[in-house]
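> Quick one, structure for this:
(chains A, B and C)
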Amino acid sequence: MLTKLIGYEMKAFGRIILPLYAATLGMSFLIGLGVRFLPEEAYNNFFGATVIMIFSVLIISTMVMTGILCVQRFYQNLLGNEGYLMFSLPVGTHQLILSKILASLIWTFLGSVTALCTGLILAVTVVPYRDLIGAVRILGIKLSELDVQMMVNGMGSLFLWIVVGVLSFTAMLMQIYASLAIGHQWSSHRILGSVLTYFGINTIKGILSGLLVNIGIQTGLPGFIMTQTGQESLVPVQVSAVCMALVLIVVFSYLTWYFLDRKLNLE
Amino acid sequence: MSVLECRNLTKKYGNLTALDNIDLTLEPGRIVGLVGPNGSGKTTLIKLAQHMLTPTEGQILIGGAEPGPWTKGMVSYLPDRDFLPSWMNVDSLLHFYMDFYQDFDPDRARQMLESLGIDPRMTFKKLSKGTREKVQLIMTMSRKASVYLLDEPIAGVDPAARDYILRTIISSYSENALVLISTHLIADVEPVLDEVVFLKQGHIELHENADALRERTGMSVDGYFREVYKC
Amino acid sequence: MKWQFENGIPIYLQILRKMRTEIASGAYPPGGKLPPVRELALEAGVNPNTMQRAFAELERDGLVFSQRTSGRFVTEDEEALRQIRRSLSEEIINELCTRLTHLGMGREEIRAAVDAWASGYFLSAESEKETKPERELSPENEIKPKES
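The predicted structure follows:
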């Protein structure tokens, strides 16, 4: 059932997002070709500026649209009239929430991949082949000169940062979901209720993390010392960020589930 | 054997008591009218049966179990509003129902849609309000459910549509299923009902066989309803 | 078309009366098959259980019998049919007399009025028959007015 739910989320997202991806990728290809083959005068004018602007708008709207959809799919599909359809399905509330969060993460990932691809397409089309091969060769040499230990460390650190990023993003989305679920308890002005809830939660988070840092300093927990002194290894910072995000995800998931399962208040 | 049962069921919204200590047992093979003026607790009762609300006190049981994913698999619910995702079309909704409801009969649904001349490729955005209502009814009645919960199915529809809805309900009758129709328009539904449950300010005022009520009171159920709820 | 029902009388009784009349009049001929309960319920716009109840009553009265696999049939028992005709006509006469009495008419007055009206009615019916000889009544399916 969860896979089917995610499948429907993918479709609902895809019908809006995929055309944007296609447009962005196509545009980057065209711009690349234009830069490479047209004489400088052709794009060094109003036309060129317009093309670049359209391109930027496309990239930005893809990013913004992904964000909007992550929130809107939850709000409209579960808390709007469509909620009557979704909450009648023989699935648990946790599966509904999980399908939204997983679909959002998948589409955010696909969005990042698309952004990377745009960069690659631009690079490949703008730079002539010979230069490109040369660049790759130089990069290979530089990499081989690097210390293996350092490289492993670097990769490990990068991986940790990615984990931190994904978890923090998930925590933020869950905070939005929880705020929407709680804001829906109001009998009117539900959006306002959700926004106020979101900032309320932020305030509580701020106070709590302030307290934690204080406790950390006083008890001399290594992770917090590191943040204070800014020493060579960032691992403790990353680990504490991961823990923090995990705790937030658990708390917000429970809140969302509780208000959707026990306090559902569809109009 | 009861298929829907309420035991001391109470639902409060803050200070407001929507349902007050209700006991009700409904059996399969019956078409039951849940009647009462607006605000008497009809929708609240139906939402409780579908786990869209949770009881403040007491219990509601579907097939002996508390409402949850399992009971939703055997309950077919028609809400009193448009729940169709506007970007979907009839065909994708059919697949949606096939994916999630094991008791959904796509052939029956297709046949009913076809007899109304509804194009399965039209998105819901482009269909008229009346057509969307019919699509919702067809989807709801094309499941072979144990319980059908129809919330105000004939409110605000024209006489022809009303007849279509009532005919569909009669032709979907099964001796293994309970059909619960909430309405405040009794006269139209009266001949279709086995039993009536009168709700008044969160209480059950009466639960009786419709014909027995007509015999006892010498009035139509509608006439008696007007008597009971006289302002 | 949906059947019309009166207020205050159980619907199954109204269906029962209608079915009795149709059987007595031959609209459902003796030995003929009745439509299934579901179909008739849909036609009448009533609950299938209500229709079922009316059918059960008809069976109890011996007007209808069911064969397990092939459905329900109207009885061919002339006596039962005659009896139902009699009881229906009594009901009608009873109602007529009640209403006429209510108007203040006495027994002789009612009889005279019915006689006078009936002779006129059957006279015009016969003359109609003569002008339209091609119209034939199937003898089995039509009730013949009782000659008094």
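
> And the residue nearest the centre of chain B, how far from chain A?
Geometric centre of chain B, nearest residue: B:L150, 1.6 Å, by Cα atoms, centre = their mean. Distance, B:L150 to chain A, using Cβ to the nearest Cβ, to the nearest Å: 13 Å. C-betas here are computed from N, CA, C, even on glycine.

> sec struct for that residue, please.
strand (DSSP: H, G, I helix; E, B strand; the rest coil).

> A:Q185 too?
Per three-state DSSP, A:Q185 ends up coil.

> dump the residue contacts of the residue nearest to the centre of chain B.
B:L78, B:T140, B:I169, B:V179, B:L180, B:I181, B:S182 (Cβ atoms under 8 Å, 6 or more residues apart in numbering or on different chains).

> all helices of chain B, in order?
B:42-49, B:69-72, B:90-100, B:106-115, B:129-141, B:159-171, B:186-189, B:210-217, B:221-228 (DSSP state H).

> for these, which one ends up most surrounded?
Counting by mean count of other Cβ atoms under 10 Å in any protein chain shown, helix B:42-49 has the highest mean neighbour count of the helices of chain B, with a mean of 23.

> quick one: that helix to chain centroid distance?
Helix B:42-49 sits 10 Å away from the centroid of its parent chain (Cα atoms, centre = their mean, to the nearest Å).

> and what of stretch A:195-205?
In terms of Cα atoms, centre = their mean, the centre of stretch A:195-205 is set 20 Å apart from its chain centre.

> List the buried residues in it.
Buried residues in stretch A:195-205, counting neighbours by 16 or more other Cβ atoms under 10 Å in any protein chain shown, are found at A:T197, A:Y198, A:I201.

> secondary structure element for the second one?
The one in question is A:Y198. helix A:190-219 (DSSP states H and E).

> quick one on the thing from earlier: got a markdown table for the contacts of B:L150, with pLDDT too?
Converted to a markdown table, the contacts of B:L150 look like this (pLDDT from 0 to 100):
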| residue | pLDDT |
| --- | --- |
| B:L78 | 96 |
| B:T140 | 96 |
| B:I169 | 94 |
| B:V179 | 97 |
| B:L180 | 97 |
| B:I181 | 96 |
| B:S182 | 95 |
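
> Show me the domain layout of chain A.
Domain ranges of chain A: A:17-145, A:147-267, per automatic domain parsing.

> and the last one, how far apart are its ends?
Pointing back at domain A:147-267 there. The straight-line separation of the ends of domain A:147-267 (Cα to Cα, to the nearest Å) is 62 Å.

> and B:L26, what does it touch?
Neighbour list for B:L26: B:S2, B:V3, B:L4, B:E5, B:V32, B:L178, B:L180, B:E195 [criterion: Cβ under 8 Å, 6+ apart].

> what about 6 Å?
B:L4, B:V32, B:L178 (Cβ atoms under 6 Å, 6 or more residues apart in numbering or on different chains).

> thinking again about what came up before, quick check, nearest of the buried residues of stretch A:195-205 to B:I165?
Nearest to B:I165 among the buried residues of stretch A:195-205, counting by Cβ to Cβ, is A:T197 at 40.6 Å.

> can you give me the strands for chain C?
Taking DSSP state E as the criterion, chain C carries its strands at C:64-67, C:71-74.

> most tightly surrounded among these?
strand C:71-74 (a mean of 17).

> Quick one: mean pLDDT for that one?
Taken as a whole, strand C:71-74 has an average pLDDT of 88.

> what residues does it touch?
With contacts defined as Cβ under 6 Å, 6+ apart, strand C:71-74 is touched by C:I23, C:Y28, C:P30, C:G32, C:K33, C:L34, C:V64, C:F65, C:S66.

> Write out the residues of chain B neighbouring chain A.
Residues of chain B lying near chain A by Cβ under 6 Å from any Cβ of the partner chain: B:52, B:54, B:69, B:72-73, B:77, B:79, B:81-83, B:85, B:99-100.
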